[in-house]
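K.L.:
curious how this folds, go ahead:
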Amino acid sequence: MYSEFSRCLIIPSCPLRCRWACLRQQIKDIDDAVKTLCDDRLVKYQSHVGGGHYISVTSGYKCVDFRKFYVPYGQAEVKPTKKGIALRLREWDEMKRVVDAINDAFPALATALPCYMEGDHANQMSALQCSECYPFLDTSSI
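P.N.:
Predicted coordinates for the structure are as follows:
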């Protein structure tokens, strides 16, 4: 894991940098969903952070769920895998502090951009071929 992390600091197009940037951009929206959940109101928040990874906050579950999704062979509907973690709400608060600490310690991550803001998404065709933005799109017919 450490070698993948250190590689991510060096290589601008690393998927982990893009996912980190997406997570940073969505923290306020996730927080708003958590506040709605704490007010015992209905919430169904789900956001894509890259690849097959999503973050969700849903009524009935007092947590922020980070999970990998996939499309089963022969089906079209995206399904969750067992790979992921559900943070309790107090753990989510701590996670936000850790995000700030990581950004302070690693400026390369603090300045990372989501891949859709990079130059390789300059036209629709190249954007559609991005497996970070469209992990379940079959590009063989494009």
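
K.L.:
how about the longest helix anywhere in the chain: buried residues?
P.N.:
In the chain, assigned by DSSP state H, the helix with the most residues is helix 15-38. Buried residues in helix 15-38, counted by 16 or more other CB atoms under 10 Å: 15-24, 26, 30, 33-34, 36-37. Using the backbone N, CA and C atoms, a C-beta is placed for each residue, glycine as well.

K.L.:
could you point out the longest strand of this structure?
P.N.:
The longest strand of the chain (DSSP state E) is strand 79-88.

K.L.:
packing partners for that strand?
P.N.:
Packing contacts for strand 79-88, counted by 3 or more CB pairs under 8 Å, 6 or more residues apart in numbering; DSSP states H and E, involve strand 63-70.

K.L.:
so for the strand it packs on, mean pLDDT?
P.N.:
The average pLDDT for strand 63-70 rounds to 96.

K.L.:
partners of that strand, with directions?
P.N.:
Paired with strand 63-70 in the same sheet, following DSSP bridges, are strand 53-58 (antiparallel), strand 79-88 (antiparallel).

K.L.:
show residues contacting the longest one.
P.N.:
Same thing as strand 79-88. For strand 79-88, the external contacting residues (CB atoms under 8 Å, 6 or more residues apart in numbering) are 52, 61-72, 95.

K.L.:
what of stretch 61-68?
P.N.:
Counting by CB under 8 Å, 6+ apart, 30, 34, 37, 51-58, 80-81, 83-89, 91-92, 95 sit against stretch 61-68.

K.L.:
put the alpha carbons of it into PDB.
P.N.:
Taking Å, rounded to 0.1, in the frame of the first residue of the first chain, the C-alpha atoms of stretch 61-68 are listed here in PDB:
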ATOM      1  CA  TYR A  61     -28.000   3.500   8.600                       C
ATOM      2  CA  LYS A  62     -26.200   5.900  10.900                       C
ATOM      3  CA  CYS A  63     -23.000   5.800   8.900                       C
ATOM      4  CA  VAL A  64     -21.000   7.000   5.900                       C
ATOM      5  CA  ASP A  65     -20.400   4.100   3.600                       C
ATOM      6  CA  PHE A  66     -17.400   3.900   1.300                       C
ATOM      7  CA  ARG A  67     -17.800   1.000  -1.100                       C
ATOM      8  CA  LYS A  68     -16.600  -0.600  -4.300                       C
END
